[in-house]
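Asker: need a structure here:
(one chain, ligands or ions: 2)
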Amino acid sequence: MADSSAATDEPATLKRCSTCGTEKALNGDNFAKRGDSTDGWRASCRVCNNEYYKRWRVRQTSPQDPESEPVEPTPDEVETGLFQELANFGTQIERACLDAVLQEGSIEGAARVLGLEPGQVRAHLSELQRRAATRGFATGHDSIHPLPAGFMLRGISTQYDGDGNVISKWVKSKDAPGDHKLAMLMDAMAERDTWSRLADPVPLPEQPLDADLLNVIPIGDAHIGMLSWQSETNNNFDLKIAEHNLCAAVDQLAGLAPPAKQALVVNLGDWVHADGRGNTTTAGTLVDVDGRWAKIVAVAIRVLRRIVDRCLETHDHVKLVNVIGNHDANTSVLLSMCLAQFYEREPRVTVDTSPSKFHWHRFGKNLIGITHGDTVKFKDLPEIMACDRPQDWGETEHRVWLCGHVHHSTVREVRGCTVETFRTLAPGDAWHVGQGYRSGRDQKLIVLHREWGEIQRYTVGVRRVCDGDR
Ligand SMILES: [Zn+2]
Ligand SMILES: [Zn+2]
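Answerer: Ligands and ions are numbered 1, 2, ... in the order given. Modelled structure (predicted):
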């Protein structure tokens, strides 16, 4: 029955507000028009929109630092899924905060659900937005085209026509500088299965530990990320093999070692093969690399964490020294800072963050000097020790240098001091093999006694490391 006069009695079309969830009659009183939306109306009702703009105005006039305040999603951004896309840039906790804010409709509500303080939720969201923005994704500024990994935003040029409509946008990027690389390292570390960015303190080992013993694990040049192809070099080596071998070797050694109270884990330098996205050493020599730098750095951090965690299972205290190598002069410094922050609330771990080429460790009558070996002649190291640590030199009897760089095993007895270089678990790359370099591959653990010096050492060869899984 067609009756045009009955039009006013028809039930009104309803629309659910995407912010408050209330169904309201779809008319100009309840919703504002929006030309580019599917139904021609805004997703949120006028009440919610007004609320949002009221809060936005308060934020604009409040004396708080606007930089540190997260930009709350506009109803439109929620409607179009734009705000949700921020999750692509987030760590687990940040994604949880984002979801909770969307679910609860406010930061306070999200904080309640997550059991956090509102300030913590705000901090996580600002951090997420900051990171997304450095990758070219800033919802509040109409920039929604993320940049590839390793790049950061330099600027955006927008061309408008006479009516103020956008004609084109020019997104300018640049190679990520050092401080941004640090942020990338921190992000790689934060990508963990727990809610915190820091390691949780681990319970002490139950067995009685000998305070007179120190287990030293000098890890020869790991060269994580190096690629070696069997047909060319007789050995396959890549990111996966590096990670497996390093973790397995320390696991096996920690199982063999006596119950010493302290462990000294030494990365003897060249922990990563290439010092950045250019696939070169620090000085710029092109090297064979397995994968993207950010991926390699994530593995480099993870392996160090696993090694320290494994040592924490059987020692009361673990000290980590990351030596600067010629392959990774920048990355090694950042690694130490990352690891130091990661173990910030673990009192049983110390990370030596000194940016010096020389590191020292004193244990009773033992004095240990540590350096990569690329900048000094090995025969000069004893004098450097005497010069730099005169008091320790005088008070100790067993003085040793632990060095890397040459990838093979040597022990030089010099007056008052022994200089030892260590093998590595990594094989030679195509260039080194082509040059005729050959050396055995193993990982050692040296047991020092507080009074008597070295009393024992354990070696796991690369074959044993690989066979260990069988
Ligand atoms: Zn080296
Ligand atoms: Zn090396």
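
Asker: Q252 is in contact with V460, correct?
Answerer: Yes - V460 lies in contact with Q252 (CB atoms under 8 Å); the separation is 5.0 Å. C-beta coordinates here come from the backbone N, C-alpha and C atoms, glycine included.

Asker: which one's more surrounded, the two?
Answerer: V460 (22 against 17; other CB atoms under 10 Å).

Asker: please save the CA atoms from the host helix or strand of the more buried one in PDB.
Answerer: Taking DSSP states H and E as the criterion, V460 maps to strand 453-461. The C-alpha trace of strand 453-461 is given here as PDB (Å, rounded to 0.1, in the frame of the first residue of the first chain):
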ATOM      1  CA  GLY A 453      94.900 -18.800  39.000                       C
ATOM      2  CA  GLU A 454      93.800 -21.200  36.200                       C
ATOM      3  CA  ILE A 455      93.000 -24.600  37.500                       C
ATOM      4  CA  GLN A 456      91.000 -26.200  34.700                       C
ATOM      5  CA  ARG A 457      89.600 -25.500  31.200                       C
ATOM      6  CA  TYR A 458      86.900 -27.100  29.100                       C
ATOM      7  CA  THR A 459      86.600 -27.100  25.300                       C
ATOM      8  CA  VAL A 460      83.700 -27.900  23.100                       C
ATOM      9  CA  GLY A 461      84.600 -28.200  19.400                       C
END
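
Asker: on that earlier part again, can you pull the residues that touch both of V460 and Q252?
Answerer: G468 (CB atoms under 8 Å, 6 or more residues apart in numbering).

Asker: mind listing what's buried in stretch 235-255?
Answerer: 235, 237-239, 241-254 (16 or more other CB atoms under 10 Å).

Asker: scratch that, stretch 37-51
Answerer: Neighbour-count burial for stretch 37-51 [16+ other CB under 10 Å]: 41-45, 48-49.

Asker: ok, now which ones touch F89?
Answerer: 128, 131-132, 135, 137, 146 are the contacts of F89 under CB under 8 Å, 6+ apart.

Asker: can you give me the distance of the closest residue to R362 other than its chain neighbours to ligand 1?
Answerer: Nearest non-adjacent residue to R362, counting by CB to CB, 6 or more residues apart in numbering: D392, 5.4 Å away. D392 sits 26 Å away from ligand 1, going by CB to the ion, to the nearest Å.

Asker: begin at 32 from here
Answerer: Okay, residue one is now 32; in that scheme the one you just asked about reads as D423.

Asker: give me the element D423 is part of.
Answerer: helix 421-426.

Asker: and the helix or strand following that helix, what does it pack against?
Answerer: Going down the chain from helix 421-426, the next helix or strand is strand 429-434, by DSSP H and E. Judged by 3 or more CB pairs under 8 Å, 6 or more residues apart in numbering; DSSP states H and E, strand 429-434 is in contact with strand 397-402, helix 412-419, strand 448-452, strand 484-492.

Asker: now do strand 429-434, average pLDDT.
Answerer: Here strand 429-434 scores 98 as its mean pLDDT.

Asker: one more: stretch 335-346?
Answerer: 95.

Asker: in contact with T311, which residues?
Answerer: 305, 317-318.

Asker: for it, list each beta-bridge partner.
Answerer: Per DSSP bridges, the residues bridged to T311 are L317.

Asker: and it, what's its pLDDT?
Answerer: Value for T311, per-residue pLDDT: 93.

Asker: name the element the residue of the chain found nearest ligand 1 belongs to?
Answerer: Per CB to the ion, H436 is where the chain lies closest to ligand 1, at 3.9 Å. In the assignment (DSSP H and E), H436 maps to no helix and no strand.

Asker: burial measure for the residue lying closest to it once chain neighbours are set aside, as a count.
Answerer: Counting by CB to CB, 6+ apart, H436 lies nearest to G404, which is 3.7 Å off, once chain neighbours are set aside. By other CB under 10 Å, the residues close to G404 number 24.

Asker: check contacts around G404.
Answerer: G404 neighbours (CB under 8 Å, 6+ apart): 300, 434-437, 452.

Asker: let's see that with 6 Å instead.
Answerer: Residues in contact with G404 (CB atoms under 6 Å, 6 or more residues apart in numbering) are 434-436.

Asker: go on, L351?
Answerer: 296, 339, 382.

Asker: hmm, N298 and I250 touching each other?
Answerer: Yes - the criterion here is CB atoms under 6 Å, and I250 meets it with N298 at 5.3 Å.

Asker: more crowded one of the two?
Answerer: Counting neighbours by other CB under 10 Å for I250 and for N298 shows that N298 has the greater number, 31 against 26.

Asker: excluding its backbone neighbours, what's nearest the more buried one?
Answerer: N353 (4.7 Å).

Asker: can you count the residues close to that neighbour?
Answerer: N353 has 30 neighbouring residues, counting by other CB under 10 Å.

Asker: pLDDT at it, what is it?
Answerer: 97.

Asker: number of residues surrounding the closest residue to A56 other than its chain neighbours?
Answerer: Distances taken as CB to CB, 6+ apart put A43 closest to A56, at 3.9 Å, once the chain neighbours are dropped. Per other CB under 10 Å, the neighbour tally for A43 reads 11.

Asker: check which helix or strand A43 maps to.
Answerer: Counting by DSSP H and E, A43 is part of no helix or strand.

Asker: contact partners of the longest helix belonging to the chain?
Answerer: The helix that spans the most residues within the chain, counting by DSSP state H, is helix 324-345. Applying CB under 6 Å, 6+ apart, the set of residues contacting helix 324-345 from outside is 180, 215-216, 219-220, 233, 236, 255-256, 270, 274, 277-278, 281-282, 285, 294, 296, 302-303, 307-308, 349, 351, 370.

Asker: one more pass at 7 Å, please.
Answerer: 180-181, 215-216, 219-220, 233, 236, 255-256, 270, 274, 277-278, 281-282, 285, 290, 294, 296, 302-303, 305, 307-308, 349, 351, 362, 366, 369-370, 373, 379-380 (CB atoms under 7 Å, 6 or more residues apart in numbering).

Asker: strand partners (parallel or antiparallel) of whichever helix or strand comes after that helix?
Answerer: Proceeding N to C from helix 324-345, the next assigned helix or strand is strand 348-353, under DSSP H and E. If you go by DSSP bridges, strand 348-353 pairs up with strand 291-298 (parallel), strand 380-383 (parallel).

Asker: so which of those is the most packed in?
Answerer: strand 291-298 (a mean of 24; mean count of other CB atoms under 10 Å).

Asker: pLDDT weak spots in the stretch 32-181 of the chain?
Answerer: 32-42, 85, 87-111, 167, 169-181 (pLDDT under 70).

Asker: residues of this protein that sit close to ligand 2?
Answerer: 252, 301 (CB under 5 Å from the ion).

Asker: could you chop the chain up by domain?
Answerer: As given by automatic domain parsing, the domain ranges for the chain are 46-187+196-209, 226-498.

Asker: so how far is ligand 2 from the closest residue to Q115 other than its chain neighbours?
Answerer: Taking CB to CB, 6+ apart, and ignoring the residues beside it in sequence, Q115 has L133 as its nearest neighbour in space, at 6.8 Å. To ligand 2, L133 is 49 Å away according to CB to the ion.

Asker: tell me if L133 really is in a strand.
Answerer: No - according to DSSP: H, G, I helix; E, B strand; the rest coil, L133 belongs to no strand; its state is helix.
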